[in-house]
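**Q** output the structure for:
(2 chains)
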Amino acid sequence: GAGVSQTPSNKVTEKGKYVELRCDPISGHTALYWYRQSLGQGPEFLIYFQGTGAADDSGLPNDRFFAVRPEGSVSTLKIQRTERGDSAVYLCASSPQLSGANVLTFGAGSRLTVL
Amino acid sequence: AQTVTQSQPEMSVQEAETVTLSCTYDTSESDYYLFWYKQPPSRQMILVIRQEAYKQQNATENRFSVNFQKAAKSFSLKISDSQLGDAAMYFCAYRSGGSNYKLTFGKGTLLTVNP
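**A** Residues are numbered from 1 along each chain as shown, chains lettered A, B, ... in the order given. Below is the predicted model:
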């Protein structure tokens, strides 16, 4: 697609529920990144993929968070047993490849609210 | 670990005037990249300008320029001839030049442009 697409745009759920957030990167971009932006903060790194594999998942806060990218294109961020502290905007970005000089193109994010 | 500090939570500027946003960072690396991103209310992060640490010349993109002081670890953004559309959150970000592709963001500066 022309840009990075994230769905849903907004998601409200109850504490303890399971949530999936989807990211559709720019066509042909092999690198994909997830960031979390809490209210009043800058984005914080969660995970990035090169192709189908997670190259670095050191930012995932705990084992309730998991991300996949089975075909090297669309990625899904999965959150189990959601907590109120998980409320944030989840940003996805993609780039042509993993390279220091590469510029990331971000999506508009998915705002998650856990009641 | 690298840290990025934006000491100005909010700034305001009159339309057509010039404003400078501050950013400092802490790193022990010599090879890295610095970025300024703009985040309007639509939430999508948009790259404003990029600087490679090995380049002594300050980056410029139309009305946007940076003052990169490597020894002082300072990376300020100057916006000339401010326009109403420049109003947004601005984030300074750091990325290592090695094989670590994480972006580390500051907390952001909210820029208001007054007509």
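**Q** tell me which element the closest residue to chain B within chain A falls in.
**A** Nearest residue of chain A to chain B (C-beta to the nearest C-beta) works out as residue A:42 at 3.2 Å. Quick note: C-beta positions are derived from backbone N, CA and C, even for glycine. In the assignment (DSSP states H and E), residue A:42 maps to no helix and no strand.
**Q** just list the residues touching the closest residue to it other than its chain neighbours, thanks.
**A** Sequence neighbours aside, residue B:105 is the residue nearest to residue A:42 in space, at 3.2 Å (criterion: C-beta to C-beta, 6 or more residues apart in numbering or on different chains). Going by C-beta atoms under 8 Å, 6 or more residues apart in numbering or on different chains, residue B:105 touches A:42, A:43, A:44, B:4, B:37, B:91, B:92, B:93.
**Q** which ones among those lie within strands?
**A** The strands, defined by DSSP state E, take in A:44, B:4, B:37, B:91, B:92, B:93 from those.
**Q** just among those, which is most surrounded?
**A** With neighbours taken as other C-beta atoms under 10 Å in any protein chain shown, the top of the ones in strands among the contacts of residue B:105 is residue B:92, carrying 28 neighbours.
**Q** so that one versus residue B:76, what's the distance?
**A** 9 Å (C-beta to C-beta, to the nearest Å).
**Q** residue numbers of chain A in contact with chain B?
**A** Residues of chain A lying near chain B by C-beta under 8 Å from any C-beta of the partner chain: A:31, A:33, A:35, A:40-45, A:48, A:55-56, A:59, A:89, A:91, A:93, A:98-101, A:103-104, A:106-109, A:111.
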